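Take this sequence and fold it.
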Amino acid sequence: MTTSPTPDAHSPVAQPAPSPHHVSPAPRRTVPQRLYIEAPTYYRPQHSDPPCVFLAGGITGVAEQWHRRAIEALNACTDPLVIINPNRAAFPIHDPKAAWEQVSWEQHHLHLPALTTLFWFAAAEDSRPQPIAMFELGQALGENRKIVVGAHPRYPREADVHMLCQLARPGMPVYSDLEDTVHAAYQAATALSTECRREHRPTVGRPDAEPAGHSRNSRRR
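Coordinates of the predicted model:
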């Protein structure tokens, strides 16, 4: 009869492989500092972080790379910001899981507490209406989240953006220029952060919170 060898008490014990969803704690940030978060990286908020702006709007089929302009303008603002950008540098278009992961990543970050979402509906290369961005606008309006909205005159559904915003929030401005939209988002984010700190609410979430749905990170609009 064959018997299994008895393990040596001094031999190393095999350790289980780390979970693919585990994220090591981020270094503690003690003062506000500019942060740039790009999909599929998850933002892990800390109490000292500055106001947070999410760049929502069209990614594919747009006539210009507006995210880059918006990031440059936000970084030029006087006070630091956390900028969250869903437009990743290299999207794995042939990965069948990528679309689900992108949308999961976006929904996680769009629902962070005290986040300001900048919606920019850019001029389009064709007549595609950027439906995911339109859905996210309607969702944000319905959930009464803090948003700033702009639509380029050459966005195919510009009139619909104005109509949605006026029906949901009468009197809310819809900007036609990206720079104006960015400036308004900066002011809104700063005001919201000040209000949260005055009320001792977390500005963007509890420190080092585990991302919801962290196993599912990214998609195209």
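
so what does the longest helix seen in the chain touch, helix or strand wise?
Ranked by number of residues, the top helix in the chain under DSSP state H is helix 178-198. Judged by 3 or more CB pairs under 8 Å, 6 or more residues apart in numbering; DSSP states H and E, the packing partners of helix 178-198 are strand 52-57, helix 66-75, strand 116-121, strand 147-151. All C-beta spots, glycine's among them, are computed from the backbone N, C-alpha and C.

got CSV for the ones you listed, with distance to Gly171, mean neighbour count and mean pLDDT too?
Output for the helices and strands packed on helix 178-198, formatted as CSV (distance: least, CB to CB, whole Å; neighbours: other CB atoms under 10 Å; pLDDT from 0 to 100):
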stretch, distance to Gly171, mean neighbour count, mean pLDDT
strand 52-57, 21, 26, 97
helix 66-75, 24, 17, 97
strand 116-121, 17, 26, 98
strand 147-151, 13, 25, 98
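
Tell me which of the ones you listed sits nearest to Met172.
When those are compared by CB to CB, strand 147-151 sits nearest Met172, at 7.3 Å.

After that closest one, which helix or strand is next?
helix 158-168 (DSSP states H and E).

got the CA coordinates for that following helix in PDB?
C-alpha atoms of helix 158-168 as PDB (Å, rounded to 0.1, in the frame of the first residue of the first chain):
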ATOM      1  CA  GLU A 158     -28.300  69.200 -28.100                       C
ATOM      2  CA  ALA A 159     -31.900  70.200 -27.900                       C
ATOM      3  CA  ASP A 160     -32.800  67.000 -26.000                       C
ATOM      4  CA  VAL A 161     -30.100  67.800 -23.400                       C
ATOM      5  CA  HIS A 162     -31.600  71.200 -22.800                       C
ATOM      6  CA  MET A 163     -35.100  69.800 -22.700                       C
ATOM      7  CA  LEU A 164     -34.200  67.000 -20.200                       C
ATOM      8  CA  CYS A 165     -32.400  69.500 -17.900                       C
ATOM      9  CA  GLN A 166     -35.100  72.100 -18.000                       C
ATOM     10  CA  LEU A 167     -37.900  69.500 -17.300                       C
ATOM     11  CA  ALA A 168     -36.000  67.900 -14.400                       C
END
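
for that helix, the distance to its chain's centre please.
The chain centre lies 23 Å from the centre of helix 158-168; the measure is CA atoms, centre = their mean, to the nearest Å.

buried stuff in that helix?
Buried residues in helix 158-168, counted by 16 or more other CB atoms under 10 Å: Glu158, Val161, His162, Leu164, Cys165.

And the contacts of stretch 158-174?
With CB atoms under 8 Å, 6 or more residues apart in numbering as the test, stretch 158-174 has contacts from 121, 129, 134, 137-138, 141-142, 149-152, 155, 184.
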